[in-house]
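Peer 1: Give me the fold of what follows.
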Amino acid sequence: MLINLASSLNTEQCKAASIIEGPVLIIAGAGSGKTRMICYRIAHMLQSGIDQKQILALTFTNKAAAEMAGRVRELTGRQLPDLVTSTFHAFGMRVLKKHCQMLGFRQNFTIYDSADRASLLREVMLEEELDPQAYDLDGMLQLFSDIKTERSPWPSDSPSHARMLYDAYREHMRLYNAFDFDDLLMLPLDLFTRYPTILDEYRKQYSHIMVDEFQDTSLEQYRLVKLLAQESRNLCVVGDDDQSIYSWRGANYQNIMLFEQDFPERVEIKLERNYRSTGTILEAANKLILNNTQRKEKSLWTESGSGGRIIMLNPQDEEDEVDTVIRLMRQLSFEHQIGWDSFGILVRTNHLIPLVENKFMLENIPCAVSGGQSFFERKEVKDTVAYLRVLANPDDDIAFLRIVNTPRRGIGRTTLQSLRSVAEKHHCSLYSALGIIIAPDSKHSPKQIQTLNILYELLQTYREALFSAGRRKSAVLKSLMEEIGYRHHIAQEHIGNEQAAMWRYKSVETFLTLFSRWERDEDNRSNSVFDYLQRLSLTSRDRQDDDAEEKKVSLMTMHASKGLEFNTVFLIGIEDHIVPHARTLEENPEALEEERRLFYVAITRARKLLHISSCSHRKRNRELVASIPSRFLSEIPTDLFEESKEDRVLEASETFAAFEALREKLAQKESS
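Peer 2: Numbering: from 1, shown residues only. Prediction:
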């Protein structure tokens, strides 16, 4: 299919998509058609004779990467099996799968998520005779991450055992042949630095590189793409410094400045035409963000008209706030015949969500909380996956410890201590220690040997079955879950609540169905269980809920709203201790500009209608205290706002007109 950029894109988008040689910096404002432009740019590269194998397009979620690949296939009419559209972590995994032996790892590695890391740290602490409950595990793991990614040096006030635990943690990761998400970035960097021939191999393979959401890249991610593109200079980065809101997880919006220094010959293009929001909403966003000093100058504009003014809500307290939002939503839904999925309710912090969610439930309004518990984070699903992980990689101690007494099989604390002692003595995994204990010349107690032998034979039997099952691995796993009596195990945990037990086991059945679909997919070339587990670790990180058939109101934090848009947006809790967040400013006074960027992102999620709510009073530590409207509201011209009609007494003529309009709507519904 022939691509015509000029007829498909606006002038600036066309320019951005047509320049495919040399470094390019594209500053893409909110709602400017960035993804569309990127897909046309890739299609243009293919049409210009660049081999699909030479293109590397990096973004931040598996969903975004899959969408990008799908749209390029649609545009070109080609299957493009060798086009790499990937997250940074998935690309790192791809590199390690090919070269991890150079770093002393085996190919069939396991990827540890945050829960696995915490479990491993607890195990390391117990081995060192430290009490995990006496430490802030999350804080220590964050410190380990900062050290590993070189974001910070060892702080002078770090716990006395921190360095020893860090070294032990890394040694255990190597022993268990496992990587965490930091490793998926840092180890490829290590490979490329230590082995120039490997770097040269990837430089030759990927002659054209694109990075989406560049403002959200960390320093190590930028170092990775800079290394790859240093010789070809064909690096295109697309981002918006006004939407950089993830510094707390390593994002460095100053990478745009680093790119300008490292690639001085770059071409810079700005996409400022907005296809999403009304002129009023854009003017509010533009005026707000002008107060930031460290930014690229830009101003969003639209041809779709100014639209209505921003509606200010001034409820008495948070209860009144949610009641007001519900009344307005019902009114708008009725008047404009729009579904619940047209509404987005955004908050600054998670602690504001439960009240809203509970009120919606009581009012029978369907609501989806983004960032809630992922399907793959459910206990019963993690148990099932742990069995699959142990069958695939018996040396995975985290998974082994999860399944060893799930369901309970009489392996007590003494037996577990024996396993750990043997593993430490022989420098091996717990599974290997199990084999040593049940060996014919073992000196362990007959009871221990008998109990462990049952588990060993169970895993050995099903491991052999799994690797000889072809495309019926899910059937093997299903048979295992039945043999161990997992359904009964769940029922025992929910005695007297049969419905809860059935619901939880349904999650196991759903996982088995998903696994079966994957292994039978004709596009799945390798059908390797290791590929599936690695993919699962990366996909679960995005925490995308696929159960979205029912139209629901979207309730989420401002951070979670990035990349989304809604017909009508309610921003609630826009008060000075919440937006900007008081604790954030206390910890880092320089964070004010990022807080403003976050509010800017929230405003630009609205297509047509924007409501902003600021309570007179709000509960803090169970006391009702006076609230002050956010300082950011004073940075937006007052003529862009109007007061909610709910906040003033209607004139008699307005009341009569509203009644007549309602009666007319009802008559129309009855006649239809």
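
Peer 1: Do a quick rundown of the strands in the stretch 451-600 of the chain.
Peer 2: With DSSP state E, counting those that start in this stretch as the criterion, the stretch 451-600 of the chain has strands at 553-557, 566-571.

Peer 1: where among those is the average confidence lowest?
Peer 2: Ranked by mean pLDDT, the strands of the stretch 451-600 of the chain bottom out at strand 553-557, with a mean of 94.

Peer 1: Mind giving me the packing neighbours of that strand?
Peer 2: Here strand 553-557 touches strand 343-347, helix 353-362, strand 367-369, going by 3 or more C-beta pairs under 8 Å, 6 or more residues apart in numbering; DSSP states H and E. Using the backbone N, CA and C atoms, a C-beta is placed for each residue, glycine as well.

Peer 1: partners of the last one in the sheet?
Peer 2: It stands for strand 367-369. Using DSSP bridges, strand 367-369 pairs in its sheet with strand 553-557 (parallel).

Peer 1: Of all the strands of the stretch 451-600 of the chain, which one comes closest to Val237?
Peer 2: Nearest to Val237 among those is strand 553-557; the distance by C-beta to C-beta comes to 26.4 Å.

Peer 1: mind checking how far the residue nearest to Glu231 when sequence neighbours are not counted is from Lys15?
Peer 2: Leaving aside its sequence neighbours, Glu231 sits nearest to Arg203 (C-beta to C-beta, 6 or more residues apart in numbering; 5.5 Å). For Arg203, the distance to Lys15 equals 27 Å [C-beta to C-beta, to the nearest Å].

Peer 1: circling back to that earlier point, can you put the strands of the stretch 451-600 of the chain in a markdown table and add distance to Thr349?
Peer 2: Compiled in a markdown table, the strands of the stretch 451-600 of the chain are given as follows (distance: least, C-beta to C-beta, whole Å):
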| stretch | distance to Thr349 |
| --- | --- |
| strand 553-557 | 7 |
| strand 566-571 | 13 |
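
Peer 1: Including distance to Glu590 and mean neighbour count, could the ones you listed go into a markdown table?
Peer 2: As requested, these are exported to a markdown table (distance: least, C-beta to C-beta, whole Å; neighbours: other C-beta atoms under 10 Å):
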| stretch | distance to Glu590 | mean neighbour count |
| --- | --- | --- |
| strand 553-557 | 21 | 22 |
| strand 566-571 | 24 | 24 |
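
Peer 1: out of those, which comes closest to Tyr387?
Peer 2: Using C-beta to C-beta, the nearest of the strands of the stretch 451-600 of the chain to Tyr387 is strand 553-557, at 33.0 Å.

Peer 1: any idea of the angle the closest one forms with strand 566-571?
Peer 2: Between strand 553-557 and strand 566-571, the angle comes out at 50 degrees (axes from the mean of the first three to the mean of the last three C-alpha atoms, to 10 degrees).

Peer 1: Name the residues that touch strand 553-557?
Peer 2: With contact meaning C-beta atoms under 8 Å, 6 or more residues apart in numbering, strand 553-557 is reached by 329, 340-341, 343-350, 353, 356-357, 360, 365-371, 564, 566.

Peer 1: For ChimeraX, write the selection for the buried entries among those residues.
Peer 2: In ChimeraX, a selection of the buried entries from the contacts of strand 553-557 looks like this (16 or more other C-beta atoms under 10 Å):
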select :329,340,341,343,344,345,346,347,348,353,356,357,360,365,367,368,369,370,566
